[in-house]
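Participant: pasting the sequence and the predicted model now:
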There are 2 protein chains.
Amino acid sequence: MKAVALQVIPAIKLHSLKDACAQCNARELCLPQGLSDAELQQLDDMVGVRQKLKRGEHLYRNGDPFSAIYAIKTGFFKTDVVTEDGRDHVTGFQMHGEILGMDGISGDAHACNAVALEDSEVCVIPFAELEHLSATIPTLQRHFHRVMSREIVRDHGIMMLLGTLRAEERLVAFLLNLSQRYAARGYSPTEFHLRATRDEIGSYLGLKLETVSRALSQLQDSELIQVQQKYIRITSLDGLKKMLAHTQTC
Amino acid sequence: MKAVALQVIPAIKLHSLKDACAQCNARELCLPQGLSDAELQQLDDMVGVRQKLKRGEHLYRNGDPFSAIYAIKTGFFKTDVVTEDGRDHVTGFQMHGEILGMDGISGDAHACNAVALEDSEVCVIPFAELEHLSATIPTLQRHFHRVMSREIVRDHGIMMLLGTLRAEERLVAFLLNLSQRYAARGYSPTEFHLRATRDEIGSYLGLKLETVSRALSQLQDSELIQVQQKYIRITSLDGLKKMLAHTQTC
DNA sequence: CGCAGTTTTGATTCATCTCAATTTGTGTGG
DNA sequence: CCACACAAATTGAGATGAATCAAAACTGCG
């Protein structure tokens, strides 16, 4: 997959834009959470641009100058970091309602790659304007800080996963995390499509793709899940949870 | 080590406090970086309390209500997360000039433990006041966002380390990171004391303490470092760097 | 229909963990 | 100040989980 020119949708109609945040189905999970109607309006004015990406396209690349963060309106992304010697590592999967690009704030350039794993659409939030607006809307400021903090906490959880869990447990943790996030979005917590390949999942979990495949097969043999390529059906949510709970205790 | 009542140093003298930030030797690395004298003064007024901790004392614990972040004035800390089933994992080591506690913003409660690994002193920065002040001082706002973003980027680096490096490489990355941070503080980049035990380092790197010990011995046998318990002397900084650079390439 | 990419599964190798014994270092109280 | 007890670190031998190498099966797309 090679670089593709980003397709930017310019502001079309003032009216439709004003309602964009208000009508977005990711709203409850997104940045404007908890804002009043008037504040929502202000935020809506700021988010002037939507951007569509096809599967495989980069939203941004490591080293790109930083100017905006992105709220995922629809779709699914991965972020990955690459070292000088070519090793790459998937640092996260993001779904709609989640914020991308905060890695870029510290160095005025993005510190990872963000790639759409399916056709997606994001809201471009110019960061300078977000800072400006959040200085006058305490709720927005507070919420933005929470979003950044949540990313830090989430990353600590992944570090824990990578540092202490065994292969099968990592996969269980991954599946339960997806399940919970789908549930929060009103989708089935027990039935979903993986958007990532075994290789990408492996990279995220610090495992080789064969190990991911084997672990999935094992979980299927244990009758905890059903796997059919990217389709996952969790048949025992409790069973999975128990696998994480009492590993050393018993 | 059990819980110890936190020792809080109340504001003593208005004058001495007003100069606290200005005179702090961690200033160049800390939150006030880049502020004007007048802004520094305002920040200084906000940071009303210093707090001293003895080795082994907790600055905060998982679940503690969140009200402030902490700038390390002197000393050395570790942060760790613990799961229900008792597994714990060290998520980071922090030295003076660095900020602790941002994990607590998202849930109004701290999401990890912070423990002093040597006698330390921190500046307590009430978070509500920081938000309030940063709404009027753009430089402060910007800088705070950078600090949070830097933590995210750093965590991604650790995830990469945990997911893709082998034991010896992880240790090299750890030592080089310490070296660089000591250098940035005006200390020797090639000679320092580890404040953490092998067990804590192992937890941080996703390794067992024996593996840490073996890897250190190996690096010593390769004449890249000298080890004497917690004392480390790097004899070939370039040699260490090469170990990380061309592992797969050659 | 065929080809490329992805996934599954098997056999083997290797790195790290585990268990265990010893050494070294540290702090405390007599 | 020294001796003792406890914590931390080193080192070895063996077990084990995941990586590697390899082949076959499946999927989806042109």
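Facilitator: Received it, and whenever you're ready, just let me know what you need. Numbering: from 1, shown residues only, chains lettered A, B, ... in the order given.
Participant: residues in chain A within reach of DNA strand C, list them.
Facilitator: A:197-199, A:209-210, A:212-214, A:216-217, A:227, A:229-230 (Cβ under 7 Å from any atom of the strand). Using the backbone N, CA and C atoms, a C-beta is placed for each residue, glycine as well.
Participant: please, which helix or strand holds the residue nearest the centre of chain A?
Facilitator: Centroid-nearest residue in chain A: A:Gln94, 1.1 Å away (criterion: Cα atoms, centre = their mean). Per DSSP states H and E: A:Gln94 is located in strand A:88-95.
Participant: the next helix or strand after that strand packs against which elements?
Facilitator: Sequence-wise, the next helix or strand beyond strand A:88-95 is strand A:99-100, with elements assigned using DSSP H and E. Applying 3 or more Cβ pairs under 8 Å, 6 or more residues apart in numbering or on different chains; DSSP states H and E, we find strand A:99-100 packed against strand A:68-74.
Participant: for the closest residue to A:Lys230 other than its chain neighbours, give its distance to A:Tyr204.
Facilitator: Of all residues not flanking A:Lys230 in the chain, A:Leu194 sits nearest, at 4.4 Å (Cβ to Cβ, 6 or more residues apart in numbering or on different chains). Separation of A:Leu194 from A:Tyr204 (Cβ to Cβ, to the nearest Å): 11 Å.
Participant: higher neighbour count, the two?
Facilitator: A:Tyr204 (25 against 20; other Cβ atoms under 10 Å in any protein chain shown).
Participant: which residues touch that one?
Facilitator: A:Tyr204 sits next to A:Lys78, A:His89, A:Val90, A:Thr91, A:Gly92, A:Phe93, A:Phe174, A:Ala196, B:Gly163 when contact means Cβ atoms under 8 Å, 6 or more residues apart in numbering or on different chains.
Participant: cool, and A:Leu162?
Facilitator: A:Arg170, A:Leu205, A:Gly206, B:Met159, B:Leu162, B:Gly163, B:Gly206.
Participant: report how many residues lie close to A:Gly92.
Facilitator: Quick note: A:Gly92 (other Cβ under 10 Å) scores 19 neighbours.
Participant: please apply the same query to A:Asp45.
Facilitator: Neighbourhood size, A:Asp45 [other Cβ under 10 Å]: 15.
Participant: which helix or which strand is home to it?
Facilitator: With DSSP H and E as criterion, A:Asp45 is part of helix A:37-46.
Participant: again with A:Glu151
Facilitator: helix A:138-164.
Participant: next, see if that helix gets close to DNA strand D.
Facilitator: No. Judged by Cβ under 7 Å from any atom of the strand, helix A:138-164 and DNA strand D are separated, with a smallest distance of 10.7 Å.
Participant: and that helix with strand B:88-95, angle?
Facilitator: Angle between the axes of helix A:138-164 and strand B:88-95 is 120 degrees (criterion: axes from the mean of the first three to the mean of the last three Cα atoms, to 10 degrees).
Participant: how far off centre is helix A:138-164?
Facilitator: 12 Å (Cα atoms, centre = their mean, to the nearest Å).
Participant: between helix A:37-46 and it, find me the angle.
Facilitator: Interaxial angle of helix A:138-164 relative to helix A:37-46 (the same axes, to 10 degrees): 70 degrees.
Participant: rewinding a little: most neighbours among the contacts of A:Tyr204, please name it.
Facilitator: Counting neighbours by other Cβ under 10 Å, A:Thr91 leads the contacts of A:Tyr204 with 26 neighbours.
Participant: contacts only, for that residue.
Facilitator: A:Thr79, A:Asp80, A:Val81, A:Cys112, A:Asp155, A:Ile158, A:Tyr204, B:His156, B:Met159, B:Met160.
Participant: in a strand, the first one, correct?
Facilitator: Yes. According to DSSP: H, G, I helix; E, B strand; the rest coil, the state of A:Thr79 is that of a strand.
Participant: what about it, how many residues nearby?
Facilitator: 24.
Participant: beta partners for it?
Facilitator: A:Gly92, A:Ala114 (DSSP bridges).
Participant: just to check, it is in contact with A:Gly101?
Facilitator: No. Between A:Thr79 and A:Gly101 there is no contact under Cβ atoms under 8 Å: 9.1 Å.
Participant: what about stretch A:182-194, average pLDDT?
Facilitator: Here stretch A:182-194 scores 95 as its mean pLDDT.
Participant: quick one: the helices in chain A?
Facilitator: Using DSSP state H, the helices of chain A run over A:14-18, A:20-23, A:37-46, A:127-134, A:138-164, A:167-184, A:198-205, A:209-221, A:237-245.
Participant: so, in contact with chain B or not, the last one?
Facilitator: By that I understand helix A:237-245. Yes. On the criterion Cβ under 8 Å from any Cβ of the partner chain, helix A:237-245 is in touch with chain B at A:Leu244, A:Ala245.
Participant: what helices and strands are in contact with that helix?
Facilitator: Applying 3+ Cβ pairs under 8 Å, 6+ apart, one finds that helix A:237-245 contacts helix A:167-184.
Participant: name the residues of the helix it packs on that come out as buried.
Facilitator: A:167-176, A:178-179, A:181-182 (16 or more other Cβ atoms under 10 Å in any protein chain shown).
Participant: okay, the nearest residue to A:Ser213 once chain neighbours are set aside and B:Phe77: tell me how far apart.
Facilitator: In space, and not counting its chain neighbours, A:Ser213 is closest to A:Arg198: 5.4 Å by Cβ to Cβ, 6+ apart. Counting by Cβ to Cβ, the gap from A:Arg198 to B:Phe77 is 38 Å.
Participant: sorry, back to before: who touches both of A:Thr79 and A:Gly101?
Facilitator: Joint contacts of A:Thr79 and A:Gly101 (Cβ under 8 Å, 6+ apart) are A:Ala114.
Participant: which parts of chain A sit against DNA strand D?
Facilitator: A:Arg166, A:Ala167, A:Glu168, A:Gly206, A:Leu207, A:Lys208, A:Glu210, A:Thr211, A:Gln228, A:Gln229.
Participant: using a markdown table, please lay out the helices of chain A together with distance to A:Phe66.
Facilitator: As requested, those are arranged in a markdown table below (distance: least, Cβ to Cβ, whole Å):
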| stretch | distance to A:Phe66 |
| --- | --- |
| helix A:14-18 | 24 |
| helix A:20-23 | 22 |
| helix A:37-46 | 17 |
| helix A:127-134 | 7 |
| helix A:138-164 | 14 |
| helix A:167-184 | 26 |
| helix A:198-205 | 23 |
| helix A:209-221 | 32 |
| helix A:237-245 | 36 |
